[in-house]
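Undergrad: kindly return the folded structure for what I paste below:
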Amino acid sequence: MAATVTLSLEKPQPPHADFAFIIDFKKGQGSASRVFAATHDFIKACERLDAELVQSIDANIETVMILEDIEVGSIKTWLRNALHAADDDALKDLDWKKQVGAYLVKAKYAVIRWTEDSDAPKHLPDLRREIQQIAQETDVRFLPDYAPPSPNALIDAMRDIQSVKDHLIPGDRMLLSSNYGEVEMRLSVSWPIEDIEALAVARTLDQPAAEMILAVKKPDYLGTSKWELRFGKRTIQAKIEDEEWLRRFQHRQEDVRPGDALRCVVSIRHLYGFDNELISERFTITDVREVLVNRYIVDELPFGDGPTAD
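TA: Next comes the predicted model:
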């Protein structure tokens, strides 16, 4: 049987999806894994943000991100929210999934546009009110009791978007596309984590500097980031401001390896939001007094040297 081929100028219909995440990557440059790492992190960021956003509608709603399709050329990943609600009389008689799905997409646009607008003054309460208004427009509860997302959730969303950008290289582009248009997440717009957190800070409390012993998990050999340390069972990140000690360390005059510990003087700053919740802790090492070498050695078992059984 002969096949019939029909040509058309119409664009193919997109799959049954809520939105697409597009990476228009610079071909022949950079690591190939960067595109897939950025896509993975963007999906995880959407899942985390959606889990918070649905709480504004109804605490009984659960959302799961579903992969609908992937297009090549530029990498276009089509995604859809699969929504489920436990028994809830307020939702039983409503076709609520379409409204809530639209709300989740519109709220993502609001977060991205707010983050990308580098000229406008930044006030986190403004973004919270905008998303609250988008939730009210769903009208799935027939009551004006839609809570705004928490400041911490929005800070996490902005931090996540920045981490997705960090995978890509100049010349790459990433966009969110849906029936509501396209919005680009520009690599040239960069938000330091400290600036993101500062948007939600209402007050700070500083603890007096005190001597501590911190186990080293990951030293900062390049001197451009924080050290990863362990305090008891907690993993923390700390900036070292003891410039003389850092100079010796970077010139290999101080030998520090993972598993060793630093006896040092540490100042701690607590950052609280407008809801009086703790947003983050910042650890600063002002004086490194001693490197404590890890001397714990497991004795080898004397296999083959002991008595044998008859």
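Undergrad: now stretch 282-301: buried residues?
TA: For stretch 282-301, burial by neighbour count (16 or more other C-beta atoms under 10 Å) applies to Arg282, Phe283, Thr284, Ile285, Asp287, Val288, Val291. All C-beta spots, glycine's among them, are computed from the backbone N, C-alpha and C.
Undergrad: my bad, should have said stretch 255-262
TA: Result for stretch 255-262 [16+ other C-beta under 10 Å]: buried residues Val256, Ala261, Leu262.
Undergrad: so when I look at the second one, I'm seeing a strand, right?
TA: So that's Ala261. Yes - assessed by DSSP: H, G, I helix; E, B strand; the rest coil, Ala261 belongs to a strand.
Undergrad: Val291 versus that one, what's the distance?
TA: When C-beta to C-beta, to the nearest Å is the yardstick, Ala261 and Val291 sit 8 Å from each other.
Undergrad: now swap in Ser178 and tell me
TA: 54 Å.
Undergrad: try Lys76
TA: 51 Å.
Undergrad: mean confidence for the lengthiest strand in the chain?
TA: Taking DSSP state E as the criterion, the chain has its longest strand at strand 201-218. Averaged across strand 201-218, the pLDDT comes to 94.
Undergrad: list the buried residues for it?
TA: So strand 201-218, judged by 16+ other C-beta under 10 Å, has buried residues Val201, Met212, Leu214, Ala215, Val216.
Undergrad: ok, stretch 164-173 next?
TA: So for stretch 164-173, counting by 16+ other C-beta under 10 Å, buried means Val164, Lys165, His167, Leu168, Asp172.
Undergrad: now the phi/psi pair for the nearest residue to the last one once chain neighbours are set aside, please.
TA: Excluding the flanking residues, the one nearest Asp172 by C-beta to C-beta, 6 or more residues apart in numbering is Phe25, at 5.0 Å. Backbone torsions for Phe25, taken as degrees, to the nearest 10, come to phi -90, psi 150.
Undergrad: show me the helices in the stretch 201-310 of the chain, by range?
TA: 243-250 (DSSP state H, counting those that start in this stretch).
Undergrad: lowest average confidence, helix or strand, in the protein?
TA: helix 89-92 (a mean of 51; mean pLDDT, DSSP states H and E).
Undergrad: pLDDT weak spots in the stretch 201-310 of the chain?
TA: 224, 297-310 (pLDDT under 70).
Undergrad: quick one on the thing from earlier: closest to Ile236 among the buried residues of strand 201-218?
TA: Leu214 (7.5 Å; C-beta to C-beta).
Undergrad: would you agree that closest one is in contact with Ile268?
TA: No - Leu214 lies out of contact with Ile268 (C-beta atoms under 8 Å); the separation is 11.8 Å.
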